[in-house]
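Student: 3D model of this:
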Amino acid sequence: MKKKSLGVNALLNSLQTILNLIFPLITFPYASRILSVDGMGKFNFSNSIVSYFSLIASLGISTFAIREGAKYRDDREKISKFASRVFTFNLASTLIAYIALAITLFVAPALHKYLTSILLLSISIILTTLGTDWVYTIFEEYGYLTLRNIIFKILSVILLFVFVRSSDDYLNYVGISVFASVGSNILNFIYARKLCDIKIDTHFDWKAYAVPIFTIFSVTVAIQIYVSSDVTILGFLKNDYVVGIYSTSVKIYYIVGSLLMAIQVVTIPRLAMLMGQHRMREYRRVMRQLFNTFLLILLPGMTGLFMVSPEIIYIIAGPKYIASSTSLRILAFAMLGSGISGIFGQCALMPAKRERKNLISSATSAVLNIVLNFVLIPFLSYDGAALTTVLAECTMMFMNYYYSRDITGFVFRDKTIIKNVIIDLLGCVGIILSCLVCQHLISSNVGRLISSVVLSGIIYVIIVLSLRQTTAVEMLEQIKFRIQH
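Tutor: Now for the predicted structure:
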């Protein structure tokens, strides 16, 4: 297989992330105003229910397939056999997920008023299985994924404006959301034949696949619990309005967070490959580069989100959702824990096959999140749910570091990384001051947001370059080189 450029992969994945950012920025303001708070609350509650059964279907299959399948990708016969077995395993788990969903809907009368939306959203379960996204990650086919994403996002926007015109159209919004997120997966299954031959194959040692898959699945379940439990518990303890308010802040949190995490996503397979081949010197070099770049982007991102949360809420969702701004500010701090725990977990523990350690940290965080949700939500409502997310993410970050410290501990002893973090934080001070100036001088929400982003961005870049933040300087040099050549 032709070696793919890590830089090109990062660029393509960043483009995908930007598309995923732009799409909600176009659709969410429109849908939130048309469907109102209650309509969005119904959608998000239904989605949180389906997410649990999506977990059952997906198990830990994607992570397992990427980790184990990469070593076969240069041999079509071997990768085809491996992919067929993984796909068959995934079909079996999908069938179990649908049976479990049917039983749950039958025995839980409280869910009956959400029946239609839950059934529509459940279509995503089978389409995700058919999509076999893990095949494209193994082969680093980011170009195809990006083109596919563009086409289906454009079609979804058109469908939204045509079929969602009143508060009664929230089921249309549900269907369009499914189409936007997984509709293209049918094409995935067809296109995958160019990479390998996938078919149903039941003649293999299921136990050899089940043990690592279920271990990884347990980690995924724990993470999903503290991702989805906030909305679910709010739905049971409060009402659709509260769910709608909190879901708005969570939606924006994930939009911004996914953009900031783009560089991490494409680096994970490369780090896993280097560790698997015992090329630890190169591993540490890439890890050092990832850490420096990640914090260079993450720290100003979370600082900026904290400062302009009210303006973002007002512009994207409207004045009815302005109460979301406080919970969004709280969630901004969760980005640090989530991002760094992801590096320690996905880039160190998983490649080192320490899934059980990752399971311990994930399960601990999930239990903490659930317990604190029941304690804080009755008193602090959606702000309490946001606070529990921060505490859970930070707990997982510290535990993942503890279990990976023999692999990743060098990053905290690296003088260059320490220097760069200090410079990044000084740049964040510049962002805070810039935003305060704009808030004082500009009354318009749109004008205040634009001026805050532009001014703080310029100030941040000036600070990190003038203080010689190594990653920022290297990026500038690369840009100059590409322009000159």
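Student: ok, now how distant is Val231 from Ser117?
Tutor: Look at Val231 and Ser117: by CB to CB, to the nearest Å, they are 14 Å apart. Yep, even glycine has a C-beta here, placed from its N, CA and C like the rest.
Student: so Val375 is in which element?
Tutor: For Val375, the element it lies in under DSSP states H and E is helix 355-408.
Student: just checking, what packs against that helix?
Tutor: Packing partners of helix 355-408 (3 or more CB pairs under 8 Å, 6 or more residues apart in numbering; DSSP states H and E): helix 206-237, helix 240-260, helix 324-332, helix 334-344.
Student: and those helices, which is most packed in?
Tutor: With neighbours defined as mean count of other CB atoms under 10 Å, the helices and strands packed on helix 355-408 peak in mean count at helix 324-332, which reaches a mean of 24.
Student: Helix or strand, whichever it is, which one in this structure has the lowest mean pLDDT?
Tutor: Of all helical and strand segments in the chain, the minimum by mean pLDDT, DSSP states H and E falls on helix 262-276, at a mean of 69.
Student: Now mean pLDDT and distance to Leu372 too, for the helices and strands packed on helix 355-408, in JSON lines please.
Tutor: Below are the helices and strands packed on helix 355-408 laid out as JSON lines (pLDDT from 0 to 100; distance: least, CB to CB, whole Å):
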{"stretch": "helix 206-237", "mean pLDDT": "79", "distance to Leu372": "10"}
{"stretch": "helix 240-260", "mean pLDDT": "79", "distance to Leu372": "15"}
{"stretch": "helix 324-332", "mean pLDDT": "91", "distance to Leu372": "13"}
{"stretch": "helix 334-344", "mean pLDDT": "89", "distance to Leu372": "13"}
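Student: how about these in CSV, adding distance to Cys438?
Tutor: Formatted as CSV, the helices and strands packed on helix 355-408 follow (distance: least, CB to CB, whole Å):
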stretch, distance to Cys438
helix 206-237, 31
helix 240-260, 19
helix 324-332, 16
helix 334-344, 22
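Student: looking at those, which is closest to Gly457?
Tutor: Between Gly457 and these, the shortest gap by CB to CB is with helix 240-260, which sits at 13.9 Å.
Student: Give me the below-cutoff pLDDT ranges for the stretch 1-150 of the chain.
Tutor: Judged by pLDDT under 70, the stretch 1-150 of the chain has its weakly predicted residues at 1-22, 24-25.
Student: How about the stretch 251-400 of the chain?
Tutor: Applying pLDDT under 70 to the stretch 251-400 of the chain picks out residues 259-260, 262-266, 268-270, 272-273, 276.
Student: Repeat the analysis, applying 80 as the threshold.
Tutor: For the stretch 251-400 of the chain, applying pLDDT under 80 flags the ranges 251, 254-278, 316-318, 351.
Student: follow-up on the earlier one: could you check how far the helix holding Val375 is from the centre of its chain?
Tutor: A distance of 16 Å separates the centroid of the chain from that of helix 355-408, by CA atoms, centre = their mean, to the nearest Å.
Student: Kindly report the same for stretch 463-482.
Tutor: 28 Å.
Student: ok, now stretch 311-318?
Tutor: Its chain's C-alpha centre lies 21 Å from the corresponding centre of stretch 311-318 when counted by CA atoms, centre = their mean.
Student: Quick check: buried residues in it?
Tutor: Residues of stretch 311-318 classed as buried: 311-317 (neighbour count, 16 or more other CB atoms under 10 Å).
Student: Which of these fall within helices?
Tutor: The members of the buried residues of stretch 311-318 that map onto helices under DSSP state H are 311-316.
Student: of all those residues, which comes closest to Thr132?
Tutor: Ile316 (33.2 Å).
Student: nearest spatial neighbour of the closest one, skipping sequence neighbours?
Tutor: Of all residues beyond its chain neighbours, the one nearest Ile316 is Pro29 (5.0 Å), with distances taken as CB to CB, 6 or more residues apart in numbering.
Student: hang on, isn't Gly235 packed against Val243?
Tutor: Yes. Gly235 is within contact range of Val243, at 5.1 Å (criterion: CB atoms under 8 Å).
Student: that older thread, direction-wise, compare the helix holding Val375 with helix 324-332 and give the angle.
Tutor: Counting by axes from the mean of the first three to the mean of the last three CA atoms, to 10 degrees, helix 355-408 points 70 degrees away from the direction of helix 324-332.
Student: what angle do helix 355-408 and helix 206-237 make?
Tutor: Helix 355-408 and helix 206-237 are oriented at 90 degrees to each other (the same axes, to 10 degrees).
Student: Quick one: residues contacting Ser122.
Tutor: By CB atoms under 8 Å, 6 or more residues apart in numbering, the residues touching Ser122 are 50, 53, 98, 101.
Student: That's all I had, so thanks and see you.
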